[in-house]
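Chemist: After the sequence you'll find the predicted model.
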Amino acid sequence: MQCSRRTLLITALSLPSLACAASPLHVVAAENMYGDIATQLGGPLVCVSSILNNPNQDPHLFSATPSVARGLAVADIVIVNGADYDPWMAGLLAAQPTPNRVVITVSDLLGRKPGDNPHLWYDPAAIPALTQALTPVLTAKDPANTSLYQHNAARLLTSLAPIHARISAMRAKYIGTKVTATEPVFGLMAAALGFEMRNQNFQRAVMNGTEPAPSEVAAFESDLRRNAVKIMFYNAQVTDDLTTTMLGLAHHAGVAVVGVTETEPAGISYQNWLNNGLDAVDKALTP
Ligand SMILES: [Zn+2]
């Protein structure tokens with residue numbers, strides 16, 4: 001199942017800046033939350049470029065530009081999501097063969113495959129797994145700074161601990177809560193929170209740019225009208241008629257809506273991004 005629809009050109013990749021000249025390692029992340037993690041691990045020792053980095057655009061519309069390819073040509077380490085979320089990366093990497101480049105595929109770390117929910121960064125296991133995979137690659141490529149990478153990895157994992165504790169506490173409180181979504185962006189976190197996610201066929205169809213079956217649309221609308229769900233998650237990076245219709249119905253029925261993005265907003269960390277999402281869920285479920 002390919003997570004793609006329509007096509008649009010995104011010229012998002014920032015090429016390595018002059019400030020990067022002193023960095024021993026170049027990392028290219030296909031998605032910017034993974035680039036954030038590389039920065040948190042490497043600090044000034046790594047020059048990180050993220051290809052998908054604009055929360056105002058839909059990543060499913062992505063089409064690579066020449067600047068993206070040039071960035072990959074100098075990369076020591078590349079991080080891709082996998083699970084068919086960024087299938088364009090395989091072609092770009094093949095077109096820029098570079099000896100000694102290490103490619104880390106997050107879906108492989110989690111044992112996910114095409115057809116599974118590809119929004120892997122909302123799985124609480126994803127970033128710890130990436131940290132465990134990326135740290136030894138950094139130390140192998142830059143052994144002189146091993147202790148710094150290991151220190152940063154420990155700090156990163158420590159910073160995730162309260163978020164994981166919060167997820168457990170929310171799960172205990174909210175388990176079984178019925179929710180729905182226009183797309184499966186937040187699905188892995190919803191599962192971690194113990195939510196019963198409804199209308200999943202509808203979500204897959206929207207994600208893949210196909211029309212949900214009329215019966216699926218009717219079931220979704222019925223869930224909203226009957227107030228059978230406590231939250232409707234929607235993809236804030238997408239504007240389409242179906243999303244607009246469902247937002248209107250949810251508003252009319254008094255169902256809380258929570259907008260989520262699949263690109264990390266500028267100026268906040270992955271940790272803050274997750275906490276903001278959990279804040280929005282708590283707010284939606286607090287009468
Ligand atoms: Zn998506």
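Modeler: Yes, it's here. Please read these numbers as outputs of a predicted model, since none were measured by experiment. Numbers count the residues shown, from 1 in each chain.

Chemist: Please make it C-alpha for all contacts and neighbour counts, starting now.
Modeler: Fine.

Chemist: can you give me the helices in the stretch 101-250 of the chain?
Modeler: 106-110, 126-141, 146-174, 187-192, 200-207, 214-225, 241-253 (DSSP state H, counting those that start in this stretch).

Chemist: Quick one: closest of the ones you listed to Asn272.
Modeler: Asn272 lies closest to helix 146-174 among those, at 9.5 Å (Cα to Cα).

Chemist: And the average pLDDT for the closest one is what?
Modeler: Regarding helix 146-174, the rounded mean pLDDT is 98.

Chemist: I'd like to know which elements that helix is packed against.
Modeler: Other helices and strands packing on helix 146-174, by 3 or more Cα pairs under 8 Å, 6 or more residues apart in numbering; DSSP states H and E, are helix 32-42, helix 126-141, helix 270-285.

Chemist: which parts of the second one are buried?
Modeler: Neighbour-count burial for helix 126-141, counted by 16 or more other Cα atoms under 10 Å, picks out Ala126, Ile127, Pro128, Leu130, Thr131, Gln132, Leu134, Thr135, Val137, Leu138, Thr139, Lys141.

Chemist: what residues are up against the first one?
Modeler: Put plainly, it is Ala126. Ala126 makes contact with Val106, Leu109, Leu110, Leu120 under the criterion Cα atoms under 8 Å, 6 or more residues apart in numbering.

Chemist: Pull out the buried members of those residues.
Modeler: For these, buried by 16+ other Cα under 10 Å: Val106, Leu109, Leu120.

Chemist: any weak-confidence spans in the chain?
Modeler: Across the chain, the ranges flagged by pLDDT under 70 are 1-19, 21.

Chemist: Pro124: neighbour count?
Modeler: 17 (other Cα atoms under 10 Å).

Chemist: if we can go back for a sec, could you dump the buried ones among the contacts of Ala126 to TSV with distance to Ala161?
Modeler: Output for the buried ones among the contacts of Ala126, formatted as TSV (distance: Cα to Cα, whole Å):
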residue	distance to Ala161
Val106	20
Leu109	20
Leu120	18
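
Chemist: Identify the residue spatially nearest to Val185, adjacent ones excluded.
Modeler: Once flanking residues are discounted, Val185 sits nearest to His119: 5.7 Å by Cα to Cα, 6 or more residues apart in numbering.

Chemist: Same question for Tyr270.
Modeler: Nearest non-adjacent residue to Tyr270, counting by Cα to Cα, 6+ apart: Met33, 6.1 Å away.

Chemist: cool, and Leu224?
Modeler: Ala250 (5.6 Å).

Chemist: Okay, the one you found and Tyr234: tell me how far apart.
Modeler: Separation of Ala250 from Tyr234 (Cα to Cα, to the nearest Å): 11 Å.

Chemist: just Gln271 next, same as before
Modeler: The gap separating Gln271 from Tyr234 is 21 Å, by Cα to Cα.

Chemist: For the two, indicate the residue with more neighbours.
Modeler: Legend: neighbour count by other Cα under 10 Å for Gln271 and Tyr234, higher for Tyr234 (25 against 16).

Chemist: how about the more buried one, what does it touch?
Modeler: Under the criterion of Cα under 8 Å, 6+ apart, the neighbours of Tyr234 are Ala181, Thr182, Glu183, Thr243, Val257, Val258, Gly259, Val260.

Chemist: And these, which is closest to Asn54?
Modeler: Nearest to Asn54 among these, with distances taken as Cα to Cα, is Val260, at 13.5 Å.

Chemist: in the sheet, who's paired with the closest one?
Modeler: Applying DSSP bridges to Val260 gives these bridge partners: Asn235.

Chemist: Count the neighbours of it for me.
Modeler: Val260 has 20 nearby residues by other Cα under 10 Å.

Chemist: my guess is it meets Met232, correct?
Modeler: No - look at Val260 against Met232 with Cα atoms under 8 Å: they stay out of range, at 10.5 Å.

Chemist: Distance from stretch 111-126 to the middle of the chain?
Modeler: 9 Å (Cα atoms, centre = their mean, to the nearest Å).
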